[in-house]
Structure formats: C-alpha cells, structure tokens
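In: With the sequence up front, the predicted model follows.
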Amino acid sequence: MKQTLLSIYKQLFKHFGPQGWWPAESPFEVIVGAILAQSASWKNVEKAIANLKRERLLTPDGLLAVNNRKLARLIKPALYYNVKARKLKAFMAFLHDSYGNDLNAMFSQPTEKLRKELLAVWGVGPETADSILLYAAGKPSFVVDAYTKRIFHRMGLLEKNPPYESVKKFFEVSLPKNVEVYQEYHALIVELAKRYCKSKPDCRECCIRRFCKTGMHASS
DNA sequence: GCCCAGGTGGGTA
DNA sequence: TACCCACATGGG
C-alpha cells in the first residue's frame, strides 16, 4: 500500500507540477485563510483577506479589537460571515490567552499537543487544525478534505465516507513523513478535483478515471 | 427552482 | 456512532 499512495503522488506531481501551497504572505494569513476557507471557494476567501488587509486588521491584535459586526461585513465574500467572524474571534482569543499572540511560541509546541489545543478552539475542526499545522506551522500533519475521501474511494483505496482520522492515518503511514510531500499532495488532490470534478460530485467519468486516461498513463 | 459546495457545531436517535 | 440541520450565497 505504501507504493500505491506514493506512486499516485508522484504521478500527480509529474502531471500538475508543484502547487506551492498555501497561497499566503504569512503564517498568520494562512490561519485566517484556513478558517475563512471552510465551505467556501478560494476566490472569495481572497476577497475577504484583501478587505482585512486594506483595513490593516490582518493581525492578532487587529482581529481581537475589531467588533463582530464590522468583521462580519469585511469577510462577507467568504460566506457564513457571521459564524466565521465568531470563529476568527475564538481563535484570536486562544492565541492571545495561551501564547500571548506569539505564533512562534505556538508553533514550537509538539504537533500532537498543538493539534489537541487547536481542536479545542470553537470553530476549528480537524481539517482546519491540520491545515494550520501543515501550512502555517510547517508540521507533518496530513490534511484530509471531502475531495480526498471522494477520489480515493473511487480508486478503491478507501471505504465510502470514512472517518477523518482513519484517512489521515492511512496517508501518514503510507507516505514518508515529509512536510513538503504532505503539502503538495493535498494541494494536488484539490487541483485534480477542481479540474475534473467541477461541481458535479456524482459524474461517472469523473476525477481519477479521467485523470488515468488523459494524464497518468499518457504522461508517465 | 433545485442541488451542491475544500467545514464545523449542535441536536437527536 | 450516524444522521440532520444551520450557517449564506452563487453557480451549474
């Protein structure tokens, strides 16, 4: 099984090239983006981030100080703006209370300890926690999303709708424990899904099958 | 008009 | 554990 996931990774990388995720200017921006990206397209998240930058609020103190109403208005493009304003506030309260707004202090914690702390923050679930660990902190914590479950189920490598933690473990034990590999793999899965799934999750000729036909075999 | 979307939390059985 | 719904909106 080690070979399967690793060889798929190599073929995706060869086909699509390095993705260079996460598209952000700083680790803090990664964290804010990870929360805003919940069930939202990246294009809209970018608009919300741009609004926060324009108002010079894209800092721990800035987001702590701004009132919920204004914050919600600024992040409106990212959908679910009221609930996401609360989530950003909850994270900023955690960062302030636990680490005095010192991201490096937070990142220097052991991965598992920090993961538990992040999951305890209201509004941070497993995918958001792992995105923060992998792309902001640079820790080897594999990110699982709906695309990952869907595509690897279609490939016959996963059950239908498997639990998050079991998918994460499956990838982590099958791949070399390497931050760059984890970062690229998740980004490549998203790229594959975006190109071939569009917004039709049930299409028959979708995802990996088309990738196999047009990409994998042809280019390798 | 209907269904879905890179997620999470809260409720119910 | 496994579902359902809310959160909000735009695009296919």
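Out: Cool, got the structure.
In: ok, the helix or strand containing A:His15 near DNA strand B or not?
Out: Per DSSP states H and E, A:His15 falls inside helix A:2-16. No: with Cβ under 7 Å from any atom of the strand as the criterion, DNA strand B is not reached by helix A:2-16; the gap is at least 13.5 Å. To be clear about C-beta, it is placed using only N, CA and C from the backbone, and glycine gets the same treatment.
In: in that helix, what counts as buried?
Out: Judged by neighbour count using 16 or more other Cβ atoms under 10 Å, the buried positions of helix A:2-16 are A:5, A:8-9, A:11-13, A:15-16.
In: so what's the residue nearest in space to the middle of chain A up against?
Out: When Cα atoms, centre = their mean is applied to chain A, the residue found nearest the centroid is A:Ser131 (4.0 Å). A:Ser131 makes contacts with A:22, A:30, A:34, A:37, A:143, as judged by Cβ atoms under 8 Å, 6 or more residues apart in numbering.
In: and which of those residues is nearest to A:Ala136?
Out: A:Val30 (3.9 Å; Cβ to Cβ).
In: Now the closest one. Nearest residue, chain neighbours left out?
Out: Distances taken as Cβ to Cβ, 6 or more residues apart in numbering put A:Ala136 closest to A:Val30, at 3.9 Å, once the chain neighbours are dropped.
In: Could you measure from the one you found over to A:Gly100?
Out: Per Cβ to Cβ, to the nearest Å, A:Ala136 is found 17 Å from A:Gly100.
In: So the two - more neighbours on which side?
Out: Under the neighbour definition other Cβ atoms under 10 Å, A:Ala136 and A:Gly100 were set side by side, and A:Ala136 has more, 22 against 10.
In: leaving aside the residues next to it on the chain, what's closest to the residue in chain A that DNA strand C sits nearest to?
Out: Closest to DNA strand C within chain A is A:Asn82: 2.8 Å, counting by Cβ to the nearest atom of the strand. Nearest residue to A:Asn82, sequence neighbours excluded (Cβ to Cβ, 6+ apart): A:Ala72, at 5.2 Å.
In: coming back round to it: mean confidence for the host helix or strand of the residue nearest to the centre of chain A?
Out: Per DSSP H and E, A:Ser131 falls inside helix A:126-131. Mean per-residue pLDDT for helix A:126-131: 95.
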